[in-house]
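Q: predicted coordinates and the sequence they were generated for:
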Amino acid sequence: MRLSRYFLPTSKEIPSEATIPSHQLMLRAGMIAQAGSGIYTWLPLGLRVLKKIEEIVRQEQNRFGAQEVLMPTIQPMDLWKESGRYGCYGEELLAFTDRHNREMCYSPTNEEMITDVFRRYVKSYKDLPISLYQIQWKFRDEIRPRFGVMRGREFLMKDNYSFDLDKESAIRSYQNMYQCYLRTFNRMGLVAIPVKADPGAIGGNMSQEFNIIAETGENELYYHKDIETMRTQSLDSIDLEKLQGLYAASGEMHDPATCPIHEKNLVVKRGIEVGHIFYFGTKYTRSLNALVNGPDGSLVPAEMGSYGIGVSRLVAAAIEANFDDRGIIWPESIAPYKVGLILAKSKDGVAIKLANDIYAQLQENNIEVLYDDRNASTGYKFADMDLIGLPWQVIVGKNAASGYVELKNRKSGELYQIHSEELLGKL
RNA sequence: CGGGGUGUAGCGCAGCCUGGUAGCGCAUCUGGUUUGGGACCAGAGGGCCGGGGGUUCGAAUCCCUCCACCCCGACCA
């Protein structure tokens, strides 16, 4: 993409309404535009990141045996009355009536809806286990939206629902998602710490949240120091049983009086919740009468779990974990483009030719590149490129005549003088 | 929802206390000079000062009211 034709409204001014780095940077980098409290338009650059994250989540869901569906954003309220959550979900549920005066709501979560699908088609244990997920917009009418897309009212979430015949099998499904989540966040270049959590309105007695460590996180986390070192290891070498056996709790779940580990092993940090997995058994299958025949002919409610990942929140969380005073530093797997190509001598015919050639070559090789071909001062271009945080910068300028360009790593700041013909090999 | 704050040009702000018909920086447009870390000169455009109501000869400024947004707290991917 040529920056001269790209809709990228960057700004050097810090927007007054934003108080945390990710919110400020997303606005300054032209990723989002606020439409109302907790509601945002995704602009081209922001949408690319959102889609990258979404695709990683999708691939890992599929890899771990889940099947994608797409449920409506608007649900009839009848299901909520049937499940018993109508009254207790509270004001967060955005409710309204259609022209026939039928009560409807904008989905904040989809346990009812998926269970309704399940009960209509699945009648036998032979069809179990089954794991269905969607990546869909949700709306929760938060008491206080804040921090941009970190706590928006409308947000993109991956929600997965597992159905099993018995508890033992359901726990296996839960563990399957646990592993899936470790892998999913790893692929995004993020270290997520799983901690025991309060199941809240979803229900059940077994749940864990996955948190990205960041100073601006809303959760207080308490965990064994070995978890951090284990989480930076390669996934293949991780001892899952050991990892899950180590103490890790969030907020109210931590009680200093009963904490089983020594203070010197306890790490206290703040985290951003980006995923949450729940096992809640038959809470919904009982109330919604989702029964299957077991091998012995008995009719039993299916055992369920649900598993969320905050896709839009991850965009902000990734920034909170990766930025400096000049801007965002994207992990390569979720960066909007891999390479920022900067024409640093926009009046120099040789440099223009070389930059154009490199641009064409990168495109031919399917390397995602944003080409700053604008007729602007070099400092302006550098500042913009640092702000939007692409992992690699290729600068074409003073040594263009000899075919040399600079390759700069946004994260480390390392700068390499290389010949343009060697560029592809380095990327 | 309780407490606090802010609404003035696209963005960041001053002016308000002490009423006299709106200003600064950035951005934008035109022309020229520039171009290796957010360039410079000259010129230009852009505002029902959040909405409504009042007080006054006169309101961005004082009073009432509504709305929006932000911050702190209780809930959540």
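A: Nice, thanks for sending it over. Here the structure is a predicted model, which means the values were calculated and not measured. Numbers count the residues shown, from 1 in each chain, chains lettered A, B, ... in the order given.

Q: so what's A:Ile272 up against?
A: Contacts for A:Ile272 (CB atoms under 8 Å, 6 or more residues apart in numbering) come out as A:Met150, A:Asn211, A:Ile212, A:Ala214, A:Thr216, A:Gly217, A:Glu218, A:Asn219, A:Arg313, A:Ala316, A:Ala317, A:Glu320. The way it works is simple: take the backbone N, C-alpha and C, and place the C-beta from them, glycine included.

Q: quick check: the farthest pair among these?
A: Distance extremes for the contacts of A:Ile272: the farthest pair is A:Asn219 and A:Ala316 at 14.3 Å, using CB to CB.

Q: looking at those two, which is more packed in?
A: Comparing A:Asn219 with A:Ala316 by neighbour count (other CB atoms under 10 Å), the higher total belongs to A:Ala316, at 30 against 16.

Q: quick one on the thing from earlier: please list only the buried members of the contacts of A:Ile272.
A: Among the contacts of A:Ile272, those buried by neighbour count (16 or more other CB atoms under 10 Å) are A:Met150, A:Asn211, A:Ile212, A:Ala214, A:Thr216, A:Gly217, A:Asn219, A:Arg313, A:Ala316, A:Ala317, A:Glu320.

Q: which one in those residues is the model shakiest on?
A: Note: of those, the lowest pLDDT belongs to A:Thr216, at 86.

Q: these two touch, right, that one and A:Ile319?
A: No - A:Thr216 is beyond contact range of A:Ile319, at 10.1 Å (criterion: CB atoms under 8 Å).

Q: give me the common contacts of those two.
A: Common neighbours of A:Thr216 and A:Ile319 (CB under 8 Å, 6+ apart) are A:Pro21, A:Ser22.

Q: okay, whatever residue of the stretch 51-200 of chain A ends up closest to RNA strand B: pLDDT?
A: Ranked by CB to the nearest atom of the strand, the top residue of the stretch 51-200 of chain A for proximity to RNA strand B is A:Gly200, at 2.5 Å. For A:Gly200, the model assigns a pLDDT of 73.

Q: now do the SS call for A:Ser173.
A: Classification of A:Ser173 using DSSP: H, G, I helix; E, B strand; the rest coil returns helix.

Q: hmm, A:Phe118 is touching A:Glu303, no?
A: No - under the criterion of CB under 8 Å, A:Phe118 makes no contact with A:Glu303, lying 11.7 Å away.

Q: more neighbours: those two, which one.
A: A:Glu303 (26 against 22).

Q: residues in contact with the more buried one?
A: A:Glu303 touches A:Phe163, A:Asp164, A:Leu165, A:Asp166, A:Lys167, A:Ser169, A:Ala170, A:Gly281, A:Thr282, A:Thr285, counting by CB under 8 Å, 6+ apart.

Q: show the buried residues in the residues you listed.
A: So, of the contacts of A:Glu303, A:Phe163, A:Asp164, A:Leu165, A:Ser169, A:Ala170, A:Gly281, A:Thr282, A:Thr285 end up buried under the neighbour-count rule (16+ other CB under 10 Å).

Q: does the fourth one touch A:Ile130 like I think?
A: No - judged on CB under 8 Å, A:Ser169 makes no contact with A:Ile130 at a distance of 11.0 Å.

Q: quick check: residues of the stretch 201-350 of chain A near RNA strand B?
A: Neighbours of RNA strand B within the stretch 201-350 of chain A, by CB under 7 Å from any atom of the strand: A:201-202, A:209, A:218, A:273-276, A:308-310, A:312-313, A:326, A:344-347.

Q: take these and keep only those in helices.
A: If you go by DSSP state H, these have A:Ser312, A:Arg313 in helices.

Q: where does A:Gln134 fall, secondary structure wise?
A: Using DSSP states H and E, A:Gln134 sits within strand A:130-139.

Q: check which element follows that strand along the chain.
A: With elements assigned by DSSP H and E, the helix or strand that comes after strand A:130-139 is strand A:154-164.

Q: off-centre distance for that following strand?
A: In terms of CA atoms, centre = their mean, to the nearest Å, the gap separating the centre of strand A:154-164 from the centre of its chain is 13 Å.

Q: helices or strands up against it?
A: helix A:44-63, helix A:111-121, strand A:130-139, helix A:167-187, strand A:303-310, helix A:311-321 (3 or more CB pairs under 8 Å, 6 or more residues apart in numbering; DSSP states H and E).

Q: the longest one vs RNA strand B: in contact?
A: No - contact between helix A:167-187 and RNA strand B, assessed by CB under 7 Å from any atom of the strand, is absent, since the two come no nearer than 10.5 Å.

Q: got the contact list for the next helix or strand after that helix?
A: Note on helix A:167-187: by DSSP H and E, the next helix or strand toward the C-terminus is strand A:192-196. With CB under 8 Å, 6+ apart as the test, strand A:192-196 has contacts from A:178, A:181-182, A:185-186, A:207-213, A:221-223, A:227-228, A:231, A:243-244, A:248-250, A:253, A:271, A:274-275.

Q: now, these that are in strands?
A: When DSSP state E defines the strands, the subset of the contacts of strand A:192-196 inside them is A:207-213, A:221-223, A:248-250, A:271, A:274-275.

Q: most widely separated two among the residues you listed?
A: A:Ser207 and A:Ile213 (19.6 Å).

Q: ok, the two, which is more surrounded?
A: Between A:Ser207 and A:Ile213, A:Ser207 has the larger neighbour count (other CB under 10 Å), namely 24 against 20.

Q: touching, that one and A:Tyr178? I think so.
A: No - applying CB under 8 Å, one finds A:Ser207 not in contact with A:Tyr178, separated by 11.0 Å.

Q: and for the two, which residues touch both?
A: A:Ile277.

Q: so is stretch A:144-162 next to RNA strand B?
A: Yes - legend: contact between stretch A:144-162 and RNA strand B by CB under 7 Å from any atom of the strand is shown at A:Arg144, A:Pro145, A:Arg146, A:Phe147, A:Val149, A:Met150, A:Arg151, A:Gly152, A:Arg153, A:Phe155, A:Met157.

Q: ok, of those, which come out buried?
A: Among the residues of stretch A:144-162 next to RNA strand B, those classed as buried by 16+ other CB under 10 Å are A:Pro145, A:Phe147, A:Val149, A:Met150, A:Arg151, A:Gly152, A:Arg153, A:Phe155, A:Met157.

Q: isn't the second one right up against A:His23?
A: Okay, so that is A:Phe147. Yes - if you go by CB under 8 Å, A:Phe147 and A:His23 touch, sitting 5.3 Å apart.

Q: quick one: common contacting residues for the two?
A: Shared contacts of A:Phe147 and A:His23, counting by CB under 8 Å, 6+ apart, come down to A:Ala316.
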